[in-house]
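Asks: Below is the sequence, then the predicted model.
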Amino acid sequence: MKTGLITSNTYQNHNTGDGHPEKIDRVTAVIKNFKKIDNKNLTWKKPVKFDKSILKKTHNLDYINFVEKSFPKRGLSFLDGDTVISPGSKDATIDAVGSIIVAIDGVQNNEFKNAFCAVRPPGHHAEKNKAMGFCIYNNVAVGAHYLINNYNYKKIAIIDFDVHHGNGTQDIFYDNEKVLYISTHQYPYYPGSGSEKEKGKFNNIYNIPLPAGTNSEEYLNAYEFVLKKLKDFRPEFILFSAGFDAHKDDPLAQFELSSKDFYELTKRTLKLAKVCCNGKVVSILEGGYDLIALQESTEMHVNALLEFN
C-alpha cells in the first residue's frame, strides 16, 4: 500500500505578514521537496469540503462563529498576539481541518496505509474557545473526534513531538477517556503548560517535559516512555502532531535534534502501531521554522511512513 500526502494550495493565501515565523514558505518548502523526490508510493490528495458540524465536536459554537466573522476583507487581523489572519486564511484554515479528515478516510478505506498532512495554519495550541500560538482550529483534535464519532473508535492516541507543548489538545481532551494525549516538549517554555503533574481526568494526559539543550540521545531515551505508554494503552488509531521545531537549527526553541531523529522516532512508533492498530497512523504538520531543517525532517518522517506500508 501507499502513503497519503494531503495538501492544498490554499495555505499560500494564509498571509501572516512580513517577518512572521509561521509563513507561507514553510509548506512551500515541504511540498517542493516532495515533488522533487517524486516517490511513486506517495498518493497526493487534496482536502474536501466537510460538514461544519464536525468542528462543533472540538470547538465551542461561539468560538467558531467568532473565527468566521474575524477574517478581514483586506489586510491583516489578529486573533491573539501571535495568531495573524488575512482574507485568504479562511480557506486555508478549513482546508487544514479538511486534510486530516481526508487522510483518516483514506486510511479507513484502505486507499493508503498511513498519511501525512502538509498544512498550515497549525493547530495544537488552539483550545476549545481560544486561538493561540499561530493556531486557529485544532486540526488533530478534530481528527480524533472524527474517528470517535464517525468510525466509532474507542481508543485514540495523539503523539505530539512539537517542541512546544500542545496546550490546546490537552485542554480539549483533558476529561476524555477515549483519547490518550502524549507530548514531548521543552519545559519550562511557551506556552507554559505541560508539566508532569497535568495528567487528565482519566490519567489520559502524559507529559514528558525536557530541558533546553536536550540532545538526540537524551530525547530518544525519553521517547521510550512514549512507547511504553502506547503499549499499555493499545490504541486503535494513532495521530501525530508533527512539529519539527525540536531540530537543532530551529530558531524558536533550544533542542538539539537532527533530521534523522524524526525518522527514528517515527520508525519506533510505527513498529508498535503495526502490532496494536494494524499501522493505522495519520500525521499532521504543526511547527518547524527553519526551512531546510523542515524539508529534511519531514522527508525523514515520511520516509518512515513509507517503509511501513
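Replies: Great, that's in hand.

Asks: And the pLDDT at Asp82?
Replies: Looking at Asp82, its pLDDT reads 96.

Asks: Please, which helix or strand holds it?
Replies: Following DSSP states H and E, one finds Asp82 outside all helices and strands.

Asks: Name the SS class of Tyr206, please.
Replies: strand (DSSP: H, G, I helix; E, B strand; the rest coil).

Asks: Identify the residues contacting the closest residue to it other than its chain neighbours.
Replies: Spatially, and ignoring its direct neighbours in sequence, Tyr206 is nearest to Ile182 (4.6 Å; Cβ to Cβ, 6 or more residues apart in numbering). Quick note: C-beta positions are derived from backbone N, CA and C, even for glycine. Residues in contact with Ile182 (Cβ atoms under 8 Å, 6 or more residues apart in numbering) are Ala157, Ile158, Ile159, Asp160, Tyr206, Asn207, Ile208, Val226, Lys229, Leu230.

Asks: Quick check: closest non-adjacent residue to the fourth one.
Replies: In other words, Asp160. Ser241 (3.8 Å).

Asks: For the host helix or strand of Thr266, list every residue counted as buried.
Replies: Counting by DSSP H and E, the element that carries Thr266 is helix 259-276. Of all the residues in helix 259-276, those buried under the rule 16 or more other Cβ atoms under 10 Å are 259, 261-270, 272-273, 276.

Asks: Within the sheet, what are the partner strands of the very next helix or strand once past it, with directions?
Replies: Counting by DSSP H and E, the next helix or strand C-terminal to helix 259-276 is strand 281-285. As defined by DSSP bridges, the strand partners of strand 281-285 come to strand 114-117 (parallel), strand 237-242 (parallel).

Asks: Just want the angle from strand 281-285 to helix 259-276.
Replies: Using axes from the mean of the first three to the mean of the last three Cα atoms, to 10 degrees, the inter-axis angle of strand 281-285 relative to helix 259-276 is 150 degrees.

Asks: Please enumerate residues in contact with strand 281-285?
Replies: 27, 30, 96, 99-100, 103-104, 107, 114-120, 122-123, 139-140, 143, 237-243, 269-270, 273, 298, 301, 305.

Asks: next one: that strand to chain centre, how far?
Replies: 6 Å (Cα atoms, centre = their mean, to the nearest Å).

Asks: Give me the distance between the closest residue to Ser193 other than its chain neighbours and Thr269.
Replies: Nearest residue to Ser193, sequence neighbours excluded (Cβ to Cβ, 6+ apart): Asn167, at 4.3 Å. The gap separating Asn167 from Thr269 is 22 Å, by Cβ to Cβ, to the nearest Å.

Asks: Same question for Leu230.
Replies: 7 Å.

Asks: got a list of what Glu286 touches?
Replies: Glu286 neighbours (Cβ under 8 Å, 6+ apart): Pro122, Gly123, His124, Val140, Asp160, Asp162, Gly166, Ser241, Ala242, Gly243.

Asks: ok, 10 Å please
Replies: Taking Cβ atoms under 10 Å, 6 or more residues apart in numbering as the criterion, Glu286 is in contact with 119-125, 133-135, 139-140, 160-164, 166, 169, 240-245.

Asks: how far is stretch 111-119 from where the chain is centred?
Replies: 12 Å.

Asks: right, I mislabeled it, should have said stretch 2-17
Replies: 13 Å.
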